[in-house]
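*Asks:* Make a model of this:
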Amino acid sequence: MPPIDADPPRRPEPSASGPDDDAARDGVLAANAAFYAAFEAGDLDAMSDVWEHSDRVTCVHPGWAVLRGWGAVAASWAAIFSSGQQLQFILTNEAVSMAGDVAWVTVDENVLDARGSGTVTALNAFVRRDAGWAMVAHHGSPVVGS
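*Replies:* Next up, the predicted model:
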């Protein structure tokens, strides 16, 4: 009887990214940048353009319960933008991961406002559609002591 291999088979390492992968990553980063530009500008129309308008979208703002569906998510952005609070984002530790037509960005949002600054770590998920990448999830969580 042959010896039993204790280690499970390893998947091959992904090959180096090609031009198509680079273009897809650039598209995801552009969609992510559009999200933060809309957020900083308090522009509900621009924010709407970033998101998929479906029941599967979710959003967790720091300190909020999970919001499900485009209606609830859109209402949250309308409430946030109507507050008049001006925010500036300095993004650090931004990383993109992809699996087929799904991509996610992890990023630290270094947020500046009239009261000071703080850091929120975020996960932004996108799906590829014919017109480009659309956000389907945003989750922000404050970094304690930032």
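*Asks:* and the closest residue to Leu29 other than its chain neighbours, which of the three is it?
*Replies:* Of all residues not flanking Leu29 in the chain, Val96 sits nearest, at 6.3 Å (C-beta to C-beta, 6 or more residues apart in numbering). No exception for glycine: its C-beta is placed from N, CA and C like everyone else's. What DSSP: H, G, I helix; E, B strand; the rest coil gives for Val96 is strand.
*Asks:* Neighbouring strands - and their directions - for the lengthiest strand in the chain?
*Replies:* As assigned by DSSP state E, the longest strand anywhere in the chain is strand 116-129. Paired neighbours of strand 116-129 in the sheet (DSSP bridges): strand 102-113 (antiparallel), strand 132-142 (antiparallel).
*Asks:* Can I get the ones you listed in a markdown table including mean neighbour count, distance to Phe35 and mean pLDDT?
*Replies:* As requested, the strands paired with strand 116-129 are exported to a markdown table (neighbours: other C-beta atoms under 10 Å; distance: least, C-beta to C-beta, whole Å; pLDDT from 0 to 100):
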| stretch | mean neighbour count | distance to Phe35 | mean pLDDT |
| --- | --- | --- | --- |
| strand 102-113 | 18 | 9 | 96 |
| strand 132-142 | 18 | 6 | 97 |
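*Asks:* what's the spacing between the residue most central in space within the chain and Gly84?
*Replies:* Centroid-nearest residue in the chain: Asn124, 1.4 Å away (criterion: C-alpha atoms, centre = their mean). Counting by C-beta to C-beta, to the nearest Å, the gap from Asn124 to Gly84 is 24 Å.
*Asks:* can you list contacts of the lowest-mean-pLDDT helix or strand in the chain?
*Replies:* One helix or strand of the chain scores below all others by mean pLDDT, DSSP states H and E: helix 19-41, with a mean of 94. Helix 19-41 is contacted from outside by 17, 43, 46-47, 49-50, 87-89, 91, 94, 96, 98, 103, 105, 107, 109, 124, 126, 128, 132-135, 138, using C-beta atoms under 8 Å, 6 or more residues apart in numbering.
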